[in-house]
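Peer 1: Okay, here's the prediction I keep looking at, along with the sequence it came from:
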Amino acid sequence: ISHQEILDTLAYAEENKENRELLDAILAKAATFKGLNHREAAVLLECPLPEYKEKLFALAKEIKKAIYGDRIVLFAPLYLSNYCINGCVYCPYHSKNRDIKRKKLTQDQIREEVIALEAMGHKRIVIESGEDPLNNPLEYILESIKTIYGIKNKNGEIRRVNVNIAACSVEDYKKLHEAGIGTYTLFQATVDNYRLLKEAGIGTYILFQETYPKESYLQLHPTGPKHDYDYHTEAMDRAMQGGIDDVGIGVLYGLEHYKYDFVGLLMHAEHLEAVYGVGPHTISVPRICPADDIDVDDFSNAVPDDVFEKIVALIRVSTPYTGMIMSTRESQSMRERGLALGISQISGGSRTSVGGYKEEEKPEDNSAQFDRSDTRTLDEIVDWLLDLGYVPSFCTACYRAGRTGDRFMALAKSGQIHNCCQPNALMTLNEYIMDYGDEKTKAHGAKVIEQQLEN
Ligand code: SF4
Ligand code: SF4
């Protein structure tokens, strides 16, 4: 991540923001589905001309439809523990927050949470835990994974447990793999650790940069292991050097100025593609939102909706073959707009507190990482997606079939991934409506499946 190149790019974008000849050429390149580089994307981001925004949005919709079809993959987070030794100033789990209720689920409580998630119809979850070797040691995570996989309630089962935990030792990673997890979201790890992870056959490794400008990063992460900017920023290189071919990146929009972070993110993606031959598998687009001890007004860089939409559309046209994830941080209407412009995966029926699925927390017991904007149930979200013309999907096939890295990218770039996603989406939707849909969703889903099969 070259600070000077980012500054030069922003100056170039400012200079050319109304250069119609250049803007037309950039859009023409994007229309070939080959993506855009960070300079080209930055010019479009800076461009104030309404007709170019319209063209950009139309193109993002076209690319989204052509590559991903109608399917939208659904998942849910499961918070195990909010003990954390890091000092991230934007997260209520930071170690100095004495107001938040610290909680850690027992195995019996995890069982109850998973039964509640399975009863909703979820098949894919990501377990979340703060970084705290004392309270959340790896043994605890491993035991929890085993517990989760072991729970088959009626027709319910969790088929993929993805994990968001701190870096561990080589031996720890081996143990994680043996426990059968899919996606790792780790903060830091060594090349050797990554190599072992790869040999162990993991799916996607996700790591959010949070923000790219170094000075701000250091201020936003004042204490704890995450304070080390270089080690954090180079984590994906070590992952790739260790042989992991599916990685997921993202920034937390609002921490810093979005233009810098947007260019930094695309440069990061370009770097991975150039050096390792595979760009990021997913890009997430979280925006800072309210939480205990966190007031969004303290973050003067908060990104307004219209700019945020433009960022989503620009990531879509710049990296056409990268999945895009939007969480319940965003409202129903923003998620609707995001889905049209490029989002391919969303969470549904989520609880962002520790132990929130079995029963809603009382306000005085607050242990949530952030306040959800979209509080609808999973069934409401499924029905809403059907209404919008999408096929809600509970597919977990790629991880299980070993379609990762260049094998996934080859299918995506040739447009053939659709041939995997579409039947899997229809089958898992059918499974969902039979087992969990209410009468309305059942009828609605059956109709959509029939129409899709006819098409
Ligand atoms: Fe801990 Fe992660 Fe929150 Fe930072 S963002 S305080 S590492 S849980
Ligand atoms: Fe995702 Fe692969 Fe399933 Fe498509 S087939 S929805 S890319 S897991």
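Peer 2: Right, received. Where do you want to start? Ligands and ions are numbered 1, 2, ... in the order given.
Peer 1: worst-scoring helix or strand of the protein, pLDDT-wise?
Peer 2: The weakest-scoring helix or strand in the chain, judged by mean pLDDT, DSSP states H and E, is helix 170-178 (a mean of 46).
Peer 1: for Thr377, what are its contacts?
Peer 2: 120, 349 (Cβ atoms under 8 Å, 6 or more residues apart in numbering). (Each C-beta comes from the backbone N, C-alpha and C, glycine too.)
Peer 1: now with 10 Å?
Peer 2: Thr377 is in contact with 120, 348-349, 383, 438, counting by Cβ atoms under 10 Å, 6 or more residues apart in numbering.
Peer 1: gap between the residue in the stretch 351-455 of the chain positioned nearest to ligand 1 and Thr441?
Peer 2: With Cβ to the nearest ligand atom as the measure, Gln369 is the residue of the stretch 351-455 of the chain nearest to ligand 1, at 6.8 Å. Counting by Cβ to Cβ, to the nearest Å, the gap between Gln369 and Thr441 amounts to 29 Å.
Peer 1: Then Glu143?
Peer 2: Going from Glu143 to Thr441 by Cβ to Cβ gives 35 Å.
Peer 1: who's more crowded, these two?
Peer 2: With neighbours defined as other Cβ atoms under 10 Å, Glu143 and Thr441 compare such that Thr441 has more, 22 against 14.
Peer 1: okay, that one: pLDDT?
Peer 2: The model reports Thr441 with a pLDDT of 96.
Peer 1: I'd guessed it sits against Ile449; true?
Peer 2: No. The pair Thr441 and Ile449 fails to qualify as a contact (Cβ atoms under 10 Å) at a distance of 11.8 Å.
Peer 1: okay, and the common contacts of these two?
Peer 2: Common neighbours of Thr441 and Ile449, using Cβ under 10 Å, 6+ apart, are 386, 429, 433.
Peer 1: Most neighbours among those, which one is it?
Peer 2: Neighbour count (other Cβ under 10 Å) singles out Leu429 as the most crowded of these, with 28 neighbours.
Peer 1: Surely the residue of the stretch 351-455 of the chain closest to ligand 1 and Asn82 touch.
Peer 2: Yes. The criterion here is Cβ under 10 Å, and Gln369 meets it with Asn82 at 7.0 Å.
Peer 1: who has more neighbours, these two?
Peer 2: Taking neighbours as other Cβ under 10 Å, Gln369 and Asn82 compare with Asn82 leading, 26 against 23.
Peer 1: For Thr185, give me the pLDDT.
Peer 2: Taking Thr185 on its own, its pLDDT is 49.
Peer 1: which residues of this protein score low on pLDDT?
Peer 2: 164-204, 361, 364 (pLDDT under 70).
Peer 1: continuing past the lengthiest strand in it, what's the next helix or strand?
Peer 2: Under DSSP state E, the strand in the chain containing the largest number of residues is strand 71-81. Once strand 71-81 ends, the next helix or strand along the chain (criterion: DSSP states H and E) is helix 107-120.
Peer 1: Who are the packing partners of that next one?
Peer 2: If contacts are counted by 3 or more Cβ pairs under 10 Å, 6 or more residues apart in numbering; DSSP states H and E, helix 107-120 sits against strand 71-81, strand 124-129, helix 138-150, helix 378-387, helix 417-435.
Peer 1: Quick one: neighbours of the residue of the stretch 201-350 of the chain found nearest ligand 2, just the number.
Peer 2: Of all residues in the stretch 201-350 of the chain, the one sitting closest to ligand 2 is Gly323 (7.1 Å; Cβ to the nearest ligand atom). By other Cβ under 10 Å, the residues close to Gly323 number 23.
Peer 1: Alright, that wraps it up for me.
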